[in-house]
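Visitor: After the sequence you'll find the predicted model.
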Amino acid sequence: MASFHITVSDSVFPNLEPARQVLATIGAELRMADSPTPEGIVAAAASSDALLVTYAKITADMIGKMPKCRIISRFGIGVDNVDIEAATGAGIVVTKVPDYCIDEVSDHAMALLLAIVRKIPSSSARTHGGRWEMKAVVPIHRLRGSVLGLAGFGRIPQLVAPKAKAFGMTVVAYDPFVPDEAFSRAGVERVDLPKLLTSSDYVSVHTPLTPETKHLFNRDTFGQMKRGAYIVNTARGPIIDEAALAEALDSGQIAGAALDVMTQEPPPTSPLFGRDNVIITPHTSFYSEESLIELQMKAAQEVVAVLSGRSPRNPVNPEVLTHR
C-alpha cells in the first residue's frame, strides 16, 4: 500500500515519469485527475496528501474540500492560479519552481526582441509569398548603443542582461524588491519606472502578476515611453493592457510588440492579431526538453520534502511551516 497519495490536477507533459520517480522514494502513488475541472480535481484530490498543479485554477472552495492536503506544488514559476490565502488558512504550504527555465525564457526574450526589431517574421512571410522587398522592413535601427529596460530584475532578467550586453546594448532595470548588490553584480543601472519608460528603446517585461502589476503597461505608461519603442513580454499576459497596446501601435507611439503571453490563453480574438509589427508565440518560452524534466523533478522534490517533515526550497507562504 502506498504511503502517500499525490494528485496531479492537469498536465502538459508527455508523461509524468520524472515526477513519479522522485515520489517513489517515499512510496508515494501518483494519480491524474480524470479531468482538469474543479469537480474532477476535487474528486481525485479529496483524499490526497499533496496536489501538483500546472495551469488549473485552485480556488478556496476546492481547497476546502481537500482536508488531507499538506502541500500544493506548482509546476511553474508563478502561483497566480492558486488561492494562497485560502491555502494558508487551511495550513497548506504552496510551493513553486522559480529556477527551472531561466535559460529558456531569457533566450526567448532575446529571440523575440531580435526578431521584432529586425522584422524577421514579417519579411520572411513576404519572401515566402513571392515578395522580395527590402523596403518593407524600413526602418531598422542598430541595437548597439541602444537602451534595454528590464521591468523586473529577478532570475530571468538577470540572465537577459548579459545577453543584451553582448549585442552592445546598455541595460537598465526597475525592481523595488531586488537588492542593490544584484544590480551591481550585473553591471546594470537601477532606475525607477518613470526613468525606465522614458530612457528605454526596448522594454522587456519580467514582473510577476500581482494586483499592483496588472495592467502595469497601460495607456498612461505607453504614453511615457519613447515614441517608436518596442515592448517584449515573457512574464504574464495581464501585465499589459492589450487594448491600450493596440492603440499605442495604431498611433505609432509603440513601434512593435513581441509577446509570449496573453491575457486569455488561448485568445479567442485580439486587436493585436494580424499585425506585421506584432509577434505572438503560444506561451512557449519556458519550453525545452530539458526544462520539462527539471520542472517535474523539482516540483516533486518539494512534495517529498514536505511529506517527509522537511522544509521545501521555495515556499510561497512560509508562515504555514512555523505553525506545524
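Guide: Done, it's in. Numbers count the residues shown, from 1 in each chain.

Visitor: Look up how far Ala136 lies from the residue lying closest to Asp80 once chain neighbours are set aside.
Guide: Nearest residue to Asp80, sequence neighbours excluded (C-beta to C-beta, 6 or more residues apart in numbering): Leu209, at 4.8 Å. C-beta coordinates here come from the backbone N, C-alpha and C atoms, glycine included. Distance of Leu209 to Ala136, computed by C-beta to C-beta, to the nearest Å: 36 Å.

Visitor: quick one: buried residues of the lengthiest helix in the chain?
Guide: Across the chain, the helix with the greatest residue count (assigned by DSSP state H) is helix 289-307. Going by neighbour count (16 or more other C-beta atoms under 10 Å), the buried part of helix 289-307 is 291-292, 294-296, 298-307.

Visitor: From the chain's centroid, how far away is the worst-scoring helix or strand of the chain on mean pLDDT?
Guide: Using mean pLDDT, DSSP states H and E, helix 319-322 stands out as the lowest-scoring helix or strand of the chain, at a mean of 90. Relative to the mean C-alpha coordinate of its chain, helix 319-322 is positioned 26 Å out (C-alpha atoms, centre = their mean, to the nearest Å).

Visitor: What residues sit buried inside it?
Guide: Here helix 319-322 shows Val320 as buried, counting by 16+ other C-beta under 10 Å.

Visitor: partner residues bridging Ala258?
Guide: Here Ala258 sits in beta bridges with Val232, Ile279, going by DSSP bridges.

Visitor: hang on, the earlier thing: name the residue in Leu209 and Ala136 with the higher neighbour count.
Guide: Between Leu209 and Ala136, counted using other C-beta atoms under 10 Å, Leu209 has the larger neighbour count: 18 against 14.

Visitor: wait, the more buried one sits on Gly76?
Guide: No. Counting by C-beta atoms under 8 Å, Leu209 stays clear of Gly76, with 11.9 Å between them.

Visitor: can you tell me how far the residue nearest the centre of the chain sits from Gly91?
Guide: Nearest to the geometric centre of the chain sits Ala235, at 3.8 Å (C-alpha atoms, centre = their mean). Ala235 sits 30 Å away from Gly91, going by C-beta to C-beta.
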